[in-house]
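[1] Return atomic coordinates for the entry below.
(chains A and B)
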Amino acid sequence: MVDRLKGEGAIILGKTNMDEFAMGSSNENSFFGPVKNPFDPERVPGGSSGGSATAVCAGEVPMALGSDTGGSVRLPASFCGVVGLKPTYGTVSRFGLVAFASSLDQIGPITRDVEDCALLLGVIGGYDLRDSTSIDRPLPNFSSGLRKGIKGLRLGLPQEFFPPGIEPPVQDALNRAIDRFSSAGVEIEEVSLPHTDKAIATYYIIADAEASSNLARYDGTRYGHRAQEAVDLLDMYDRTRDEGFGDEVKRRIMLGTYVLSSGYYDAYYLQAQKARTLIKRDFENAFSKCDLLLTPTSPTPAFKLGEKTDDPLLMYLSDIFTVTANLVGLPSISIPCGKTEDGLPIGMQIIGPPLADGEILRMAYAYEGLSSRE
Amino acid sequence: MEYKPVIGLEVHIQLLTNSKLFCGCSTVFGAFPNSQTCPVCLGLPGVLPVLNRKAVEYGMRLALATGCGISSQCSFSRKNYFYPDLPKGYQITQYEWPLAEDGYLEICLETEKKKRVRIQRIQLEEDAGKSLHPEEGSDLKETLVDLNRCGVPLLEVISYPDMHSPEEARIYLETLRQLVQYLGICDGDLEKGSFRCDVNISLRPKGSEEMGTRTEAKNLNSFKGVERTLRFEISRQREVLRSGKKVVQETLQWDARAQAAFPTRRKEEAYDYRYFPEPDLVWLEIEKDWIERVRKDLPELPAQRRERSITQYGLPANDAQILTSTRQLADYYEECLKLYNKPKIVSNWIMSELLRELNQRKLEIEEFKLRPPELTGLLKLIDQGIISGKMAKEVFIQMAETGQKADSIVEERGLVQVQDEEKISSVIDEVLKEEKENLARYQAGKKGLFGYFVGQVMKKTGGKANPQLVNRILRERLG
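    Numbers count the residues shown, from 1 in each chain, chains lettered A, B, ... in the order given. So this is what the prediction gives:
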């Protein structure tokens, strides 16, 4: 990825802070300590790629990369008022990316505007034979596709993504966006994704199952930390991994190990795979009625540091609107759509069918135009 | 009560691909430890597997040769466990959707009866590395890991429990090994570990169809070892059952010192492998065209070649069996025939002289200095009457030893047969002069002395006289 960027003349400034192994929604699971939200240092920047979003927001860099397994690019983009895109699964090679959950991970751009986002995706995207899940197709020219216009496109509003519990400023911001689209000639459709309530459970079972296996290699045998006082092999593994991993990572490894264990596999992992198929069908049905979907990126704007750290389940619910795109492999972009009275950014998400990365970029680009004109 | 053994085998076949199953590293055996590795097979963070197409084709070859159905779609799974020679912490193998299923291997029992052992499945997987543990008397202080073997492609061939004696198990293994060698997919080298075997064994009362509790012995690397372990385990289980106890399901290991098998103490048995579909690989789709291309390129199989040797060359079944025992030997035989078309004579020489030399020198046929042109050159010297068959055998041994050609040895040692009729006549005269008494007895009717006279002539010529000539001239002389 870095090679491709350098090949196009990009200058790599460095790595940014993030949640350990990209596991987190608030960037509070970092070995280096949390990143703070540039709009309010009392609040989180969103995770896991909080450092990247903050760096772009603060103008330290024009663009950054993040990896998005369940929302790790889009959620921080939304909390920091920048653009974040998770491409169609298989668009960007995962070769070189430290794996969290292989069937969900995608690298995506975090940028100040949609034009930069399209530009960056055009550089990092494309077939790579070193990644068997990479899609072998010529990449469309995302940048030139931005200006094709959106009139007549059908935008679906999945009712499950606008529940009563959603915070009023977020709902208001979305309503304004819907009006703008509507006045620009976009057809607005109500659609339903009935299995959305299964998404969080499905996501955390599959992601953690894969993570428990992907992280097995950090066992102290060949690289990384190795516990010194171990008395035998098993003890070396125990101590190394106990000392080396943070709490959230350990929690997920244990959860993932549990759901794959004999006797529980059918009840959890297999069940989650079935739910994943149902969620996929929901989207197929929805996309037969509309071209793209519009949802909030998160039910809330950036929350306070420490607010959810004692309640992992509440923390997991921050991803409620973003995980489905990963489960189904769909392209999804978060762009700013206003601010709260306190000045906190609000993000909205545009989701497309597989390979519609260009279309969601086009819709997002059009929205930038619509909102700046007002 | 009488018990019947029930035996199933799982064989790991190391494939002869140039590169590993999921990366481009070399698979050559014996390289400096950890020299044939890359970030992928070392399991570094961020790497991904890419499937080796050749390995899939090799698997398809075996599937076709054993009548297995090749899946139009198959997939890989992760088998998760921690061990230092498994850098990723999981092995990529096949679980729910193997490459091929439901075939059989026909084995030829010693009674010449044929038997089909059903094959349950053939699956592709990657090998782990090798751990070198400190042993008594070695300088090694800690366990060392060599990852050269890590990621080398294996086929696992799982049989149904269709075998009922250690001999059947051995013959199955020999037949399978011969087959994979013929297919050119495995060198079948047990010592290098390219052909390894796990056995499952249980006993059931004769006449009953219910399966007993089985035990398992892993990583046996000799056919004798398999037979020995099975024999031991059958009698052990029989004792257990006859004394009214129950067989415990466990993994056994052969202890050479005690000449017995004991349960392994490794914690491995407690492992829950947590299999799940490998998300880094996509479904492998195998189209009919691909299968047909592989089928078209299949080499002649051992059974076909055996039959052809009988019909085409008129060989006895036993000769055909031995000469086709390996593809290399069968190739050697047929190359000889191209140069010297007397099938049975060549067969006799290979089966007696050549195989004995190979045995004594512990050589494989492909390592043998005497190639078909040299062997047939020797046989031609016999036909031309230049040397006798007996001399030829001596020459053969020297050829095997030194790699010299037949004619140069014959010349050097002055082994050229005496063909000169006058010279033979004069020796016969000498002998008859010396043997007056015997000559008289012969003429009085003791015709059996003819052979004695021949022997005396041969003795006087140092064995070099052409025996056919001696016989003819002597017969003329004696009327």
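
[2] When you work out contacts or count neighbours from here on, use the C-alpha atoms and nothing else.
    OK.

[3] what about residue A:326, distance to chain B?
    14 Å (Cα to the nearest Cα, to the nearest Å).

[4] Give the full set of residues in contact with that residue.
    Residue A:326 sits next to A:68-71, A:89, A:104-105 when contact means Cα atoms under 8 Å, 6 or more residues apart in numbering or on different chains.

[5] And it, its phi and psi?
    The main-chain torsion angles of residue A:326 are listed as degrees, to the nearest 10 and equal phi -70, psi -40.

[6] Of the contacts of residue A:326, which ones also sit close to chain B?
    Restricting the contacts of residue A:326 to those near chain B by Cα under 8 Å from any Cα of the partner chain leaves nothing, as none qualifies.

[7] can I get the residues you listed in a markdown table with neighbour count and secondary structure?
    Supplementary listing: the contacts of residue A:326 in a markdown table, determined by neighbours: other Cα atoms under 10 Å in any protein chain shown; DSSP: H, G, I helix; E, B strand; the rest coil:
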| residue | neighbour count | secondary structure |
| --- | --- | --- |
| A:68 | 29 | strand |
| A:69 | 27 | coil |
| A:70 | 33 | coil |
| A:71 | 34 | coil |
| A:89 | 25 | coil |
| A:104 | 25 | coil |
| A:105 | 28 | coil |
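
[8] Going by distance to residue B:208, which of these wins?
    residue A:104 (51.4 Å; Cα to Cα).

[9] Surely the closest one and residue A:71 touch.
    No. Shown here, residue A:104 and residue A:71 do not form a contact pair, counting by Cα atoms under 8 Å, at 10.1 Å.

[10] which residues of chain A fall in strands?
    A:63-68, A:83-86, A:106-111, A:154-158, A:187-191, A:292-296, A:332-339, A:345-351 (DSSP state E).

[11] Parallel or antiparallel, list what pairs with the last one.
    Going back to what we said before, that points to strand A:345-351. Each strand paired with strand A:345-351, and its direction, by DSSP bridges: strand A:292-296 (antiparallel), strand A:332-339 (antiparallel).

[12] Let me know the angle separating that strand from strand A:154-158.
    Calculated by axes from the mean of the first three to the mean of the last three Cα atoms, to 10 degrees, strand A:345-351 forms an angle of 110 degrees with strand A:154-158.

[13] what residues are up against the spatially most central residue of chain B?
    Per Cα atoms, centre = their mean, the C-alpha nearest to the average position across chain B is that of residue B:178, at 5.4 Å. The contact partners of residue B:178, by Cα under 8 Å, 6+ apart, come to B:188, B:302, B:325-327.

[14] what about it, distance to chain A?
    Between residue B:178 and chain A the computed distance is 35 Å (Cα to the nearest Cα).

[15] now residue B:199
    24 Å.

[16] need the contact list for residue A:81.
    For residue A:81, the contacting residues are A:57, A:335-336, A:345-347, by Cα under 8 Å, 6+ apart.

[17] could I get these as TSV with pLDDT?
    Converted to TSV, these look like this (pLDDT from 0 to 100):
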residue	pLDDT
A:57	97
A:335	98
A:336	97
A:345	97
A:346	97
A:347	97
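
[18] can I see the domain layout of chain B?
    Residue ranges for the structural domains of chain B, counted by automatic domain parsing, are given in the record as B:3-290, B:302-412, B:421-478.

[19] The residue in the stretch 1-150 of chain B positioned nearest to chain A: neighbouring residues, count only.
    When scored by Cα to the nearest Cα, the stretch 1-150 of chain B has residue B:46 as its residue closest to chain A, at 4.1 Å. Number of residues near residue B:46 (other Cα atoms under 10 Å in any protein chain shown) recorded here: 15.
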